[in-house]
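Peer 1: any chance you can model this:
(2 chains)
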Protein chains: 2
Amino acid sequence: MSIEKFFSPESIAVVGASRTTGKVGNTVVKNLKDSFQGKIFPVNPKADKVAGLKCFESLKDIGEVPEGVVVAVPAKIANKVVKTCVDMEVPAVTLLTSGYGETGEKGEELQKELEETIKGSETRLIGPNCLGIWDGRNGMDTMFLPGYKLETPPEGNIAVISQSGAVGSALLDIAAHRKIGISKFVSYGNQLDVSETDLLEFLGDDDDTDAIAVYMEGVKNSRNFLEKAGKVTQDTPVVVLKAGKTEEGSKAAVSHTGSMAGNYQVYQGAFRQKNVVEARDSGELFDLVKTLAKEETPDGRKVGIVTNGGGFGVLATDQVSKTELELAEFSEKTREKLEDKMKSYGTVSNPLDVIGDAGPEMYREALEAFKKDPEIDMILCIVLMQTGTMRSEVVEILEDTDRTTEKPVVGCMMGGDYTKLHTDYLEEKGVPMFHRPENAVKALESLREYGDR
Amino acid sequence: MSIEKFFSPESIAVVGASRTTGKVGNTVVKNLKDSFQGKIFPVNPKADKVAGLKCFESLKDIGEVPEGVVVAVPAKIANKVVKTCVDMEVPAVTLLTSGYGETGEKGEELQKELEETIKGSETRLIGPNCLGIWDGRNGMDTMFLPGYKLETPPEGNIAVISQSGAVGSALLDIAAHRKIGISKFVSYGNQLDVSETDLLEFLGDDDDTDAIAVYMEGVKNSRNFLEKAGKVTQDTPVVVLKAGKTEEGSKAAVSHTGSMAGNYQVYQGAFRQKNVVEARDSGELFDLVKTLAKEETPDGRKVGIVTNGGGFGVLATDQVSKTELELAEFSEKTREKLEDKMKSYGTVSNPLDVIGDAGPEMYREALEAFKKDPEIDMILCIVLMQTGTMRSEVVEILEDTDRTTEKPVVGCMMGGDYTKLHTDYLEEKGVPMFHRPENAVKALESLREYGDR
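Peer 2: Modelled structure (predicted):
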């Protein structure tokens, strides 16, 4: 069975719908009512209405089979509800409840029972122990976090899937804060049925998704992952943040999602073989995935750098030397053109230091030359917005550069609120933006790496 | 001669004072007029007034010897102005002008000439090719960046010195954005006279400064640095971001501040020997220095971690395993107390996962136990603020914990604006805050490292 119904059901029932503010079953119904386009059926034998919607005594009382069911009742009852869903042939069950495989023996038993219920049925299940699904385009939202505590990310082309609900929701909030557009989000928890590999396959085929970010502790079925991951990454870059890399981290993962994090070296080998890009820490995850989602892979490994702050150029160069990237040697034509424009500035070299009194015009000259230079495969544009002569128009020049070349273009600006205004604009316009030169270079390296394999 | 007069002169002259908005000599006079407590003498033979202040034809016309002179005229004229300062025995000259050693042969000649002028005199000089000084307490400010483009950091106990003006000003802006308190700031450029070592010595003795952050390309005099750095770091932690680590980065540094970045291995050895903490990239600089400025060094290497998001615990544990830190084994007493409080949550282990429905009360219990547990040397408190049951009061509990124990306490919260409200509050109250668990652990490791040497 496909898992499409999880994202775009025509109707959805919420078992455990509640009238009490703050309860999971209350938040979910309210969130759905605010955004979901299809029919919503709250289920609670003790209530007439929840959030103004007519409430049903049980799933069977609804009178039709909902395409999706969200379950938010304690584990023991939840198992019975899932049994009913299987009997009714509900296509998509999202089980939010925790207290299963992640909590020791008793939970493991409940999880096994659930597995038996699902096996061979027409019903697919996401969870348990998860936040479920968020899809901004059709308003599907099973997350039970109060809206005033986290922001909603803009619509975009990056899908995020996370084994951890906490990490997942923080990622969604960070994406919103940094104006990174998200297509779909899934917190998949203990992956009793629907696994990370199922989600990767589905999202790899999703028209709205151009790259996938994954927080993963352990894969459900390594053979299945190895069989299918390579096919997904042929067209859709996948960036994984693997947690539980060390023996101690691995132990912590067991008591978290009940999954064996396994031997990290094996994972690394598999990722490399299947062209899955690895983020080394939680900071890198979005840096890499947004660049892979927005930019083409480069034709070579030579970077051209322009900056109005020499120190940033030095930091970027250090980072280039730590990767397989190279600093481009400008072509004769570029050199001549820039020497003409920068008469008083000393020698033209890469990084091109247009120094502190440059304005947007100098950036236009440099970026035009970089675009045309066959010696340059990708472009890193660093701007210190705080100088007296820099003006906001520089963002348009950078935006236009990105629109008019196949070469990857990334930007870097360091600073506070004034700077963030400009990076936010560019991020939304499709230019991957960074606050540290080192991170911008790491992102370019991940593009090269992905393209080279 | 001491360099104190750079920071707290009683009077200051600005040579190259200008009436034209946007010019360096205009911005400096306006900034000083807004904040500086002492007398200000603009110098410009062609103007009567600058920014409403009486203007003088030349330094000699002022009628007294100013304690500080800021020079913002082109290099050739600047050399003559400095000669006059030496003749008048001005104690502190800040030379903002660029076009010296960083720009090739002609500039090098000018720089040599300047060196001859200064040698053996009573005059000390900061620069050339720099932004000079910012001292929030007395309003000293020679930076020529428009105030609306960057924020002013809060008063605090961290000094920042930077060979690069661009990196320095971005750091100041970032500090403001992240509510990191700054005591003094110096952009020292080509360090013709006053070197990074002079500044470290001075700031090491400064009552307002508890830790020093340095952006450095190359030291001026390695023997002098080796002789004195160890003495500074005995009482005042110093964190260095060394740029020009690689051959190519080193080349870029030469054309930037005219300094030889030198062999990185030699630097690393010297830093280790003198207990200078190294930041691996620009992101780490503040993470480490703010922790060293705010927290005591730990008595051991055992970390206690509490979190309401299991995934964050796994990420933190992975990072702990990459360092010399260890996960604490809770004492029997802690274990018993927490088992009692967390009855339904499964086993008590480190990281302590109080799971997604914990409120501030559970954090109070955990942190109280951690404080008293002799097996725990330092505390990492991770809070996902976005959950339904978490409340803002948790920041008070964290603040109180930090105030009532000698053990290092750091916090970590991941998210957007709502989360930042809480991290900003805690940062200002003296708790080092992080947005990624990995970074929080790295900061604890730097505390251990600094304390162990």
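Peer 1: how about the residues of the stretch 51-200 of chain A near chain B?
Peer 2: Contacts of the stretch 51-200 of chain A with chain B, taken as C-beta under 8 Å from any C-beta of the partner chain, map to A:98, A:102-104, A:144-146, A:148-151, A:162-171, A:173-174, A:176-177. C-beta here means a position set from N, CA and C on the backbone, and glycine is covered the same way.
Peer 1: quick one, helices of the stretch 201-350 of chain A?
Peer 2: Ranges of helices in the stretch 201-350 of chain A, per DSSP state H, counting those that start in this stretch, are A:222-235, A:247-257, A:264-273, A:282-294, A:310-322, A:332-341.
Peer 1: tell me which residues are up against stretch A:216-235.
Peer 2: Contact with stretch A:216-235 is made by A:163-164, A:191, A:195-197, A:200-201, A:203-204, A:212, A:238, A:240-244, A:253, A:256-257, A:259-262, A:266-267, A:270, A:273-276, A:450, B:311, B:314, as judged by C-beta atoms under 8 Å, 6 or more residues apart in numbering or on different chains.
Peer 1: now that stretch, how far from the centre of its chain.
Peer 2: The chain centroid and the centroid of stretch A:216-235 are separated by 17 Å, computed with C-alpha atoms, centre = their mean, to the nearest Å.
Peer 1: you'd agree A:Thr117 is in a helix?
Peer 2: Yes: counting by DSSP: H, G, I helix; E, B strand; the rest coil, A:Thr117 falls inside a helix.
Peer 1: okay, it: pLDDT?
Peer 2: On pLDDT, A:Thr117 comes in at 97.
Peer 1: dump the residue contacts of it.
Peer 2: Applying C-beta under 8 Å, 6+ apart to A:Thr117 gives the contacts A:Asn79, A:Val82, A:Lys83, A:Val86.
Peer 1: can you tell me how far it is from chain B?
Peer 2: 24 Å (C-beta to the nearest C-beta, to the nearest Å).
Peer 1: equivalent analysis for A:Asp141, please.
Peer 2: 14 Å.
Peer 1: count of neighbours near that residue?
Peer 2: 25 (other C-beta atoms under 10 Å in any protein chain shown).
Peer 1: I figured it was touching A:Phe36, is that so?
Peer 2: Yes: if you go by C-beta atoms under 8 Å, A:Asp141 and A:Phe36 touch, sitting 6.8 Å apart.
Peer 1: how about residues contacting the strand or helix carrying A:Glu368?
Peer 2: Secondary structure assignment for A:Glu368, by DSSP states H and E: helix A:360-372. With C-beta under 8 Å, 6+ apart as the test, helix A:360-372 has contacts from A:304, A:306, A:308, A:330, A:333-334, A:337-338, A:341-342, A:352, A:354, A:376, A:379, A:381, A:383, A:390-391, A:393-394, A:396-398, A:401, A:404-405, A:407.
Peer 1: contact partners for A:Ile3?
Peer 2: Here A:Ile3 is in contact with A:Ala92, A:Arg124, A:Ile126, A:Val194, A:Asp198, A:Leu199, A:Phe202 (C-beta under 8 Å, 6+ apart).
Peer 1: just say helix, strand or coil for the fifth one.
Peer 2: Of the three states, A:Asp198 takes helix under three-state DSSP.
Peer 1: just give me the neighbour total for it.
Peer 2: Neighbour number of A:Asp198 under other C-beta under 10 Å is 20.
Peer 1: with the fourth one instead?
Peer 2: Around A:Val194 sit 24 other residues, with neighbours defined as other C-beta under 10 Å.
Peer 1: gap between it and chain B?
Peer 2: Taking C-beta to the nearest C-beta as the measure, A:Val194 falls 19 Å from chain B.
Peer 1: surely that residue meets A:Ile126?
Peer 2: Yes: using C-beta under 8 Å, A:Val194 makes contact with A:Ile126 at a distance of 4.8 Å.
Peer 1: re earlier: a markdown table for the contacts of A:Thr117, including secondary structure, pLDDT and neighbour count?
Peer 2: Converted to a markdown table, these look like this (DSSP: H, G, I helix; E, B strand; the rest coil; pLDDT from 0 to 100; neighbours: other C-beta atoms under 10 Å in any protein chain shown):
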| residue | secondary structure | pLDDT | neighbour count |
| --- | --- | --- | --- |
| A:Asn79 | helix | 97 | 21 |
| A:Val82 | helix | 98 | 27 |
| A:Lys83 | helix | 98 | 17 |
| A:Val86 | helix | 98 | 18 |
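Peer 1: buried residues in stretch A:141-151?
Peer 2: Judged by neighbour count using 16 or more other C-beta atoms under 10 Å in any protein chain shown, the buried positions of stretch A:141-151 are A:Asp141, A:Thr142, A:Met143, A:Phe144, A:Leu145, A:Pro146, A:Lys149, A:Leu150, A:Glu151.
Peer 1: now for the longest strand seen in chain A, which elements pack on it?
Peer 2: Assignment by DSSP state E gives strand A:155-162 as the longest strand of chain A. Judged by 3 or more C-beta pairs under 8 Å, 6 or more residues apart in numbering or on different chains; DSSP states H and E, the packing partners of strand A:155-162 are helix A:165-177, strand A:182-187, helix A:196-204, strand A:211-216, helix A:282-294.
Peer 1: now render the ones you listed as TSV, adding distance to A:Val431 and mean pLDDT.
Peer 2: Listed next are the helices and strands packed on strand A:155-162 as TSV, based on distance: least, C-beta to C-beta, whole Å; pLDDT from 0 to 100:
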stretch	distance to A:Val431	mean pLDDT
helix A:165-177	16	95
strand A:182-187	17	97
helix A:196-204	24	97
strand A:211-216	15	98
helix A:282-294	7	97
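Peer 1: can you redo these as JSON lines with distance to B:Leu32?
Peer 2: JSON lines is the format used below for those (distance: least, C-beta to C-beta, whole Å):
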{"stretch": "helix A:165-177", "distance to B:Leu32": "36"}
{"stretch": "strand A:182-187", "distance to B:Leu32": "47"}
{"stretch": "helix A:196-204", "distance to B:Leu32": "57"}
{"stretch": "strand A:211-216", "distance to B:Leu32": "48"}
{"stretch": "helix A:282-294", "distance to B:Leu32": "39"}
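Peer 1: could you point out which of these sits nearest B:Tyr425?
Peer 2: For the helices and strands packed on strand A:155-162, proximity to B:Tyr425 was assessed by C-beta to C-beta; helix A:165-177 is nearest, at 17.3 Å.
Peer 1: same for that closest one, what does it pack against?
Peer 2: With 3+ C-beta pairs under 8 Å, 6+ apart as the test, helix A:165-177 has strand A:155-162, strand A:182-187, strand A:211-216, helix A:282-294, helix B:310-322, helix B:417-428 packed against it.
Peer 1: just send the ones you listed back as TSV, with mean neighbour count and distance to A:Ala443 too.
Peer 2: TSV is the format used below for these (neighbours: other C-beta atoms under 10 Å in any protein chain shown; distance: least, C-beta to C-beta, whole Å):
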stretch	mean neighbour count	distance to A:Ala443
strand A:155-162	23	13
strand A:182-187	26	18
strand A:211-216	26	12
helix A:282-294	25	4
helix B:310-322	27	20
helix B:417-428	19	23
